[in-house]
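> Fold the following and give me the result.
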Amino acid sequence: MKKTILLLLVLTSFFLGNAQINSIAIVGEAAGGWPGSPNDPGPIDFHQMTSTDGENWTLSSIYLTNSQSGGGLKFRANNDWALNWGAADFPMGIGLQNGANIPCVTGTYAVNFNSTTGAYTFSGAMLIPIVKLVGSAVNSSSGILMLTNDAAVYTISNIDLTNGTAQFDVDGNLFGGDVFPAGTVVDSVLQIPVTAGNYSSITLNITTGEYNFVASTVYPLISLTGSAVGGTGDGFDFDMTTSDGIHYSYSNLGTVEGLLQFRSGHAWTLNYGSTAFPEGIATLNGAAIPVPLGTWSIEFNLNTGAYTFTGSSSFPTIAIVGFGAGGWPGDLGNPGPYDTNQLTTTDGINYTIYALTITDGELKFRQNNDWTINWGDISFPAGIATQGGANIVSVAGTYTIQFNRITGAYTFGNPNRIAIVGSGAGGWPTGAVGEIDANQLTSTDGITFRLNNITLTDGLVKFRQNNSWDVNWGGTSLFGTLVLNGPDIPTTSGTYSVAMNRVTGAYAFADPLGTNAFQASNFKVYPNPTNSVWNFASSTNKNILSIQIVDVLGKTVFTINPAATAATVDATLLNSGLYFAKIATANATETVKLIKN
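Here you go, the predicted model:
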């Protein structure tokens, strides 16, 4: 064990020795909020430590609160998650890179941290005993930290225990008893006999020695199931929460247009429904509730059958966040208020982002640019993310990422790559191992691929996928519909902008500049890019006879004949993307690039 710890310290020192540390801060829910929260908005972390040697860091006074589920603290370098330390020990321990959040108890502390070894101490202005529940009934070899607000009564909430024994560890001293579920500790020898179950609270008063294990009340399990959440019955139950066995709720349930019912115990023996939406009275064995596409918070009264759906029938946004994808919310690479790497969706359930380059690091899926709803899991490159789950540990690469908001299923897959190859584009692939095609097209959706300003010679070309002949397309002209394994496309010398649709096969090699019989200074196009209209104006007072708007596949989408020195084209109905305007006067024509946001 000593050798393992020494190795970790050596490795930590090696890596940190190669990283410049300019600042260290204490961050976390127990210190007022994680970076990006209202109490620590960034870009500079709020609780900055000081150092005289760049290695030993101190903070003379910080007030901390009890760490909640998913909370606690971490040490963070340079106001960024690239370097951070944590551990499961308090008030002292050895912080590891990307380690666990540090649990803590309420109090005001002086903090010391060594950024080379990771060693840290929290010394209280008022000494607060550290109390843990330990023993064979506890599902943690190091015990479970108990929380206090007064340094007298310590509590654990909502904890699962197994059949076995337990004792209380108070600053390293053990205390037990022989009575369960409530009694008074006697000495270090006696072991409290514990019955397996879930306990809503376990308390110890270190002044009187009194302890109490309060078992959770077992209420009926009510869930929502139906086609509106992807399926009916087993495997498609979304469990509601309750504090009294009568009033049940579920927050932010994403649905498609479909049907829902309430049922008890994941079985059909007791089920409830109605034909009314968004509120009504569900009856035993009643009809399924028709639910539209949307995100809903649902309330259900088991005694009366009354239910309500409140929310919005619009798609929530999903983004991938973390220092593996540019930064956590509030970092310089993802400053907010909107998360940078937004996925796209057509149904509010299946979300995709194409060809995203990520680094080694940690990631999560986050809804509506807020931490209220987020998903994570320990698996990579595929898994089932759970709400509030662990960070996904990523491996550097470029991926097409898919995420299902209902099931939590996600995949990080290699994106399709398409290139133009052939004698007209610099030469055919040689077949060498590891060869990468030179003329790679780019895509934002994995469907439409583009390459601007490619210079071709007289010759032959083809489109091929993933630097391999396994999938390739050909045709007979510079525009049309591609054929899988089709003939070589004949090319004519020139500079082109190329577009192809991998699904429909539509493609075009378009002249990116057109005829240039007069200079760009002879007219103006503004605004460009635009959200609404393009204004065209002649700088030489010559009439513009026609303006033809063409998309990247060569299709004419709009034509006007102004016969005036100025004209306006309405672009509000056009899809976002790249277009070309072919402008003609009495003695010249020109083609210019336009962008619709």
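> Could you check how many residues crowd around Asn39?
11 (other Cβ atoms under 10 Å). C-beta coordinates here come from the backbone N, C-alpha and C atoms, glycine included.
> okay but it is in contact with Glu29, surely?
No - Asn39 is not in contact with Glu29 according to Cβ atoms under 8 Å; the separation is 9.7 Å.
> contacting residues for Ala409?
Applying Cβ atoms under 8 Å, 6 or more residues apart in numbering, one finds that Ala409 lies in contact with Ala382, Gly383, Ile384, Ala385, Phe403.
> go with 6 Å
Going by Cβ atoms under 6 Å, 6 or more residues apart in numbering, Ala409 touches Ile384.
> Based on its surroundings, how many neighbours for the nearest residue to Pro335 once chain neighbours are set aside?
Spatial nearest neighbour of Pro335, chain neighbours left out: Pro43 (6.8 Å); criterion: Cβ to Cβ, 6 or more residues apart in numbering. Using other Cβ under 10 Å, Pro43 has 12 other residues around it.
> Likewise for the one 4 residues further on?
The tally of other residues near His47 (other Cβ under 10 Å) stands at 20.
> now it: how far from Ile62?
According to Cβ to Cβ, to the nearest Å, His47 and Ile62 sit 6 Å apart.
> low pLDDT regions in the stretch 251-400 of the chain?
Residues of the stretch 251-400 of the chain that meet the criterion pLDDT under 70 lie in 312-314, 346.
> which residue packs closest to the spatially most central residue of the chain, ignoring adjacent ones?
Compute the mean C-alpha point of the chain, and by Cα atoms, centre = their mean the closest residue is Phe365, 2.1 Å away. Once flanking residues are discounted, Phe365 sits nearest to Trp375: 4.4 Å by Cβ to Cβ, 6+ apart.
> Tell me which other helices or strands the helix or strand hosting that neighbour touches.
Here Trp375 sits within strand 374-376, counting by DSSP states H and E. The elements that strand 374-376 packs onto, with contact taken as 3 or more Cβ pairs under 6 Å, 6 or more residues apart in numbering; DSSP states H and E, are strand 361-367.
> And the strand it packs on, what does it pack against?
Using 3+ Cβ pairs under 6 Å, 6+ apart: strand 361-367 touches strand 318-321, strand 374-376, strand 392-394.
> Mean confidence (pLDDT) on the host helix or strand of Lys74, please.
Applying DSSP H and E as the criterion places Lys74 in strand 74-77. Strand 74-77 shows a mean pLDDT of 95.
> next structured bit after the strand holding Trp375?
Downstream of strand 374-376 (by DSSP H and E), the next one is strand 382-384.
> Pull the number of nearby residues for Thr208.
11.
> ok, it - contacts?
Contacts of Thr208 (Cβ under 6 Å, 6+ apart): none.
> Am I right that it falls within a helix?
No - counting by DSSP: H, G, I helix; E, B strand; the rest coil, Thr208 is located in no helix; its state is coil.
> quick one: which helix or strand includes the spatially closest residue to Asn467 that is not a sequence neighbour?
Here the nearest residue to Asn467 in space, its sequence neighbours aside, is Asp437; by Cβ to Cβ, 6+ apart that works out to 5.1 Å. Under DSSP H and E, no helix or strand contains Asp437.
> could you pull out the strands for the stretch 301-450 of the chain?
For the stretch 301-450 of the chain, the strands defined by DSSP state E, counting those that start in this stretch occupy 306-312, 318-321, 344-345, 350-358, 361-367, 374-376, 382-384, 386-387, 392-394, 397-404, 409-413, 418-421, 439-440, 448-456.
> Return the most buried member of these.
strand 318-321 (a mean of 26; mean count of other Cβ atoms under 10 Å).
> Okay, and the beta partners of the residue nearest to the centre of the chain?
Beta bridges link Phe365 to Ile320, Trp375, judged by DSSP bridges.
> thinking it is in contact with Gly376, fair?
No - contact criterion Cβ atoms under 6 Å: Phe365 and Gly376 do not qualify, at 7.3 Å.
> Now distance to Ala537 too, for the helices and strands packed on strand 361-367, in a markdown table please.
As requested, the helices and strands packed on strand 361-367 are exported to a markdown table (distance: least, Cβ to Cβ, whole Å):
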| stretch | distance to Ala537 |
| --- | --- |
| strand 318-321 | 40 |
| strand 374-376 | 50 |
| strand 392-394 | 50 |
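> Which of these sits closest to Thr476?
For Thr476, the closest of the helices and strands packed on strand 361-367 is strand 318-321, at 41.9 Å, according to Cβ to Cβ.
> Just the CA atoms of the closest one, as CSV, please.
C-alpha atoms of strand 318-321 as CSV (Å, rounded to 0.1, in the frame of the first residue of the first chain):
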residue,chain,number,x,y,z
ILE,A,318,-28.9,19.2,-25.1
ALA,A,319,-25.2,20.1,-25.1
ILE,A,320,-22.1,18.1,-24.3
VAL,A,321,-19.9,19.9,-21.7
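> Who are the contact partners of the residue nearest to the centre of the chain?
Applying Cβ under 6 Å, 6+ apart, the residues contacting Phe365 are Ile318, Ile320, Trp375, Phe403.
> Tell me if I'm right that the third one and Ala385 touch.
The reference is to Trp375. Yes - judged on Cβ under 6 Å, Trp375 makes contact with Ala385 at a distance of 3.6 Å.
> which residues do these two both contact?
Gly408.
> Return stretch 133-140 as CSV; C-alpha atoms alone will do.
Output of stretch 133-140 as CSV, limited to C-alpha atoms (Å, rounded to 0.1, in the frame of the first residue of the first chain):
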residue,chain,number,x,y,z
LEU,A,133,-20.6,5.3,10.6
VAL,A,134,-18.4,2.2,10.2
GLY,A,135,-18.8,-1.6,10.3
SER,A,136,-19.8,-4.6,8.3
ALA,A,137,-23.3,-3.2,7.7
VAL,A,138,-21.9,-0.2,5.9
ASN,A,139,-21.2,-0.4,2.2
SER,A,140,-17.9,1.5,2.4
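> That one: which residues count as buried?
Leu133, Val134, Gly135, Ala137, Val138 (16 or more other Cβ atoms under 10 Å).
> For Glu55, report the pLDDT, please.
On the pLDDT scale, Glu55 gets 92.
> For the closest residue in space to it that isn't next to it in sequence, what are phi and psi?
Leaving aside its sequence neighbours, Glu55 sits nearest to Thr116 (Cβ to Cβ, 6+ apart; 5.2 Å). With angles defined as degrees, to the nearest 10, Thr116 sits at phi -90, psi -50.
> ok, Thr116 - how many residues close by?
For Thr116, the count of nearby residues is 14 (other Cβ under 10 Å).
> Verify the contact between it and Gly54 for me.
No - look at Thr116 against Gly54 with Cβ under 6 Å: they stay out of range, at 9.3 Å.
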